[in-house]
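Q: Next one to model:
(one chain, ligands or ions: 1)
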Amino acid sequence: MAIKIAVLTGGGDCPGLNGAIKWVTKTALDPLLVRDRSVKFEVLGIMEGWKGLVEVDPDDPKSCAEHLCPLDEEKVRTWDRYGGTNLGTSRTNPFNPKNDRSDKLMENIKKLGIDVVVAIGGEDTLGVAYKLYKRGVKTVGIPKTIDGDLVGTEYSLGFDSAVNIIMEEIDRLRTTAGSHNRVFVVETMGRHAGWLALEGGECSGAYIIVIPEYPFDIDRICELLMERKGREIQYSIVVVSEGAKLGGKKEFYKDEKVDDFGHRSLGGIASFISDKIQEKTGFESRYVVLSHLQRGGSPSARDRLMARWFGIAAVDMILNDDYGRMVSYSHGEITSVPLKEVVNNLRLVEIDKYYDTTRYNGKRSIL
Ligand code: F6P
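A: Numbering: from 1, shown residues only. Next up is the predicted model:
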């Protein structure tokens, strides 16, 4: 009997997800490996993350066709070139205390004959995988988050593509910012962690970078900009994470709505900073919210490679009966960590190590 692997993607989409699905499938079904191994696999894609697995009615063929997607090598052959997720995604939380559907989830896993669940996602998605594992389901996690805030791994899918997009967009902004002699405030994603703003800002040479880990002072931003007045420099780029906060204040939220995991949508910080700069310095200022552009398009070389390595490692873990763990990249190697260490935790920018609190930018010395 074949071991049935269910694979799903949860949370925000990003480039690299399709590659991970492809490599889980290809590795599990590889004819040469099948010949050498004593086990056989079957791979079942689940549509829209946990939502698909909760909502599917295993007794109804129509429902199965809607929520399930049997995968084979032919089907996933070209997937690694494309962004997004061909399996779809959702922010469904089956363990939401206000609408607990975990029993249904357990029942469906059993009815569908699923032996292992490979969950590709961030802290929320992997948190569900961990809860399932505690209830006896064999689970393996693959790290994905453009925010880069997952602990237990030095790389999560989507991050590199997003940093490249930030860099390209800032390169583009420079010509218009320079022509008009303007300050441009660029808002990146990054709810709790400032990795995207920091690394995106650093590789594009931003003058100021504002991150959630270090609450900012608007007067200091203006002071830094004023230092440029009268100099040859005609414009400035300020990069800010969506989750950055004014000293003593909370994040800027779009509205009151909360998702299934209790998160509210962030937004508004770039326009706030831009207005204040114009008001306090007299520099003409504009802002750009990069928003979901950072999750769009095709995966970078690094995301394609990491997706491949992560997908292969996930199947190796299944062969080793290594469950309740997440594939991880650490010190240049692919390894794994217990999901228990990944959930309810965040990998944040270490201010002392990486951030210059005087210049509001990346550090220029590691001493
Ligand atoms: O996946 C995390 C993230 O990229 C956050 O940085 C951002 O706040 C959130 O997704 C926005 O996601 P959406 O609008 O797609 O729900």
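Q: Excluding chain neighbours, give the residue nearest to His263 in space.
A: Leaving aside its sequence neighbours, His263 sits nearest to Arg191 (Cβ to Cβ, 6 or more residues apart in numbering; 7.3 Å). In this view, the C-beta of every residue, glycine as well, is placed from N, C-alpha and C.
Q: Kindly report the residues of the stretch 201-350 of the chain close to the ligand.
A: Residues of the stretch 201-350 of the chain lying close to the ligand (Cβ under 6 Å from any ligand atom) are 242, 265-266.
Q: Wasn't Val118 part of a strand?
A: Yes. Val118 sits within a strand when classified using DSSP: H, G, I helix; E, B strand; the rest coil.
Q: continuing past the helix or strand of the chain with the lowest mean pLDDT, what's the next helix or strand?
A: Lowest on mean pLDDT, DSSP states H and E among the helices and strands of the chain sits helix 31-36, with a mean of 88. Reading on from helix 31-36 to the C-terminus, the next helix or strand found by DSSP states H and E is strand 41-46.
Q: contacting residues around that next one?
A: 2-8, 21, 24-25, 28-29, 34, 52-53, 56, 67-72, 86-87, 112, 114, 315, 318 (Cβ atoms under 8 Å, 6 or more residues apart in numbering).
Q: In helices, which of these fall?
A: Of the contacts of strand 41-46, the ones assigned to helices by DSSP state H are 21, 24-25, 28-29, 34, 52-53, 67, 315, 318.
Q: Please list only the buried members of those residues.
A: Buried subset of the ones in helices among the contacts of strand 41-46 (neighbour count, 16 or more other Cβ atoms under 10 Å): 21, 24-25, 28-29, 52-53, 67, 315, 318.
Q: Next up, the contacts around the residue of the stretch 51-200 of the chain found nearest the ligand.
A: Closest contact between the stretch 51-200 of the chain and the ligand, by Cβ to the nearest ligand atom, is at Met189 (3.4 Å). Contact analysis of Met189 by Cβ under 8 Å, 6+ apart lists 146-147, 162, 196, 241-242, 290-291, 294-295.
Q: same check, this time on Phe310
A: Phe310 neighbours (Cβ under 8 Å, 6+ apart): 20, 23, 142-143, 157, 327, 329, 334.
Q: in the stretch 251-367 of the chain, which spans are strands?
A: 253-258, 264-266, 285-289, 325-330, 333-338, 355-356, 361-362 (DSSP state E, counting those that start in this stretch).
Q: mind listing what Cys64 touches?
A: Cys64 neighbours (Cβ under 8 Å, 6+ apart): 56-58.
Q: repeat that with 10 Å
A: 44, 56-58, 70, 112 (Cβ atoms under 10 Å, 6 or more residues apart in numbering).
Q: Show me which residues of the stretch 1-150 of the chain are close to the ligand?
A: Counting by Cβ under 6 Å from any ligand atom, the stretch 1-150 of the chain sits next to the ligand at 11-12, 122, 145-147.
Q: tell me, what residue is most central in this structure?
A: Geometric centre of the chain, nearest residue: Thr145, 1.4 Å, by Cα atoms, centre = their mean.
Q: ok, how many other residues are close to the closest residue to Glu169 other than its chain neighbours?
A: Take Glu169 and drop its neighbours on the chain: the residue closest to it by Cβ to Cβ, 6+ apart is Leu290, 5.9 Å away. Taking other Cβ atoms under 10 Å as the neighbour definition, Leu290 ends up with a count of 21.
Q: Could you report the distance from Leu290 to Ser274?
A: 14 Å (Cβ to Cβ, to the nearest Å).
Q: ditto for Ser300
A: For Ser300, the distance to Ser274 - Cβ to Cβ - is 29 Å.
Q: ditto for Pro58
A: 52 Å.
Q: out of the two, which sits in the busier spot?
A: In terms of neighbours (other Cβ under 10 Å), Ser274 is the more surrounded of Pro58 and Ser274; the figures are 24 against 17.
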